[in-house]
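Participant: Build me a structure from this.
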Amino acid sequence: MESISISFAVPSAKSKNTLPLGKIIDFTVNNIDKIAPEVTIEGNSSVLTFDPVVLTVNAEDANEISKIEYTFDNKTWFVVENNQIVVTENGTVSVRVTDKAGNVTSKEVIVNNITAPE
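Facilitator: Predicted coordinates:
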């Protein structure tokens with residue numbers, strides 16, 4: 001976490017928001033979250049299957065996770081429900097996880113083991 005120091009002037013009660021100022025207040029905010037969430041994606045196998053592949057997304061952060069999303073085309077994003085993504089055809093699945101501070105982690109998984117029955 002990073003920190004930032006801030007100073008500002010507080011008007012005195014007699015000044016009615018005009019000069020002279022009352023006092024200067026200094027304080028430091030030292031809990032600015034700049035660390036992106038950690039993300040793992042499990043469930044992609046090399047074994048050929050006729051069935052959809054279910055990917056499980058696990059995300060951890062020192063603070064709270066805000067949202068987990070995925071896309072197949074990098075245009076339309078969907079919210080991950082119950083930490084699972086059901087993939088019905090081969091391709092690249094992009095996942096992004098955002099924490100409450102706005103930090104983002106992105107990962108991609110290539111699914112290439114779904115085959116059509118003969």
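Participant: Check residue 13 and give its pLDDT.
Facilitator: We have a pLDDT of 53 for residue 13.
Participant: Ok, residue 4 next?
Facilitator: According to the prediction, residue 4 has pLDDT 61.
Participant: What strand or helix carries the residue nearest the centre of the chain?
Facilitator: Central residue of the chain (Cα atoms, centre = their mean): residue 98, 1.2 Å from the mean position. Here residue 98 sits within strand 91-99, counting by DSSP states H and E.
Participant: What distance do you get for residue 90 to residue 55?
Facilitator: Remark: distance between residue 90 and residue 55 (Cβ to Cβ, to the nearest Å) = 13 Å. C-beta: built from backbone N, CA, C; applies to glycine.
Participant: Could you name every residue contacting both of those two?
Facilitator: Common contacts of residue 90 and residue 55 (Cβ atoms under 8 Å, 6 or more residues apart in numbering): residue 111.
Participant: got any ranges where this structure has weak pLDDT?
Facilitator: Counting by pLDDT under 70, the chain shows low-confidence ranges at 1-25, 27, 30.
Participant: for it, what spans make up the strands?
Facilitator: Using DSSP state E, the strands of the chain run over 2-11, 21-32, 38-42, 53-60, 65-71, 78-79, 84-87, 91-99, 104-111.
Participant: will you turn those into JSON lines that also has distance to residue 118?
Facilitator: JSON lines is the format used below for these (distance: least, Cβ to Cβ, whole Å):
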{"stretch": "strand 2-11", "distance to residue 118": "57"}
{"stretch": "strand 21-32", "distance to residue 118": "57"}
{"stretch": "strand 38-42", "distance to residue 118": "29"}
{"stretch": "strand 53-60", "distance to residue 118": "19"}
{"stretch": "strand 65-71", "distance to residue 118": "30"}
{"stretch": "strand 78-79", "distance to residue 118": "31"}
{"stretch": "strand 84-87", "distance to residue 118": "21"}
{"stretch": "strand 91-99", "distance to residue 118": "21"}
{"stretch": "strand 104-111", "distance to residue 118": "20"}
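Participant: Out of those, which is closest to residue 117?
Facilitator: strand 53-60 (15.6 Å; Cβ to Cβ).
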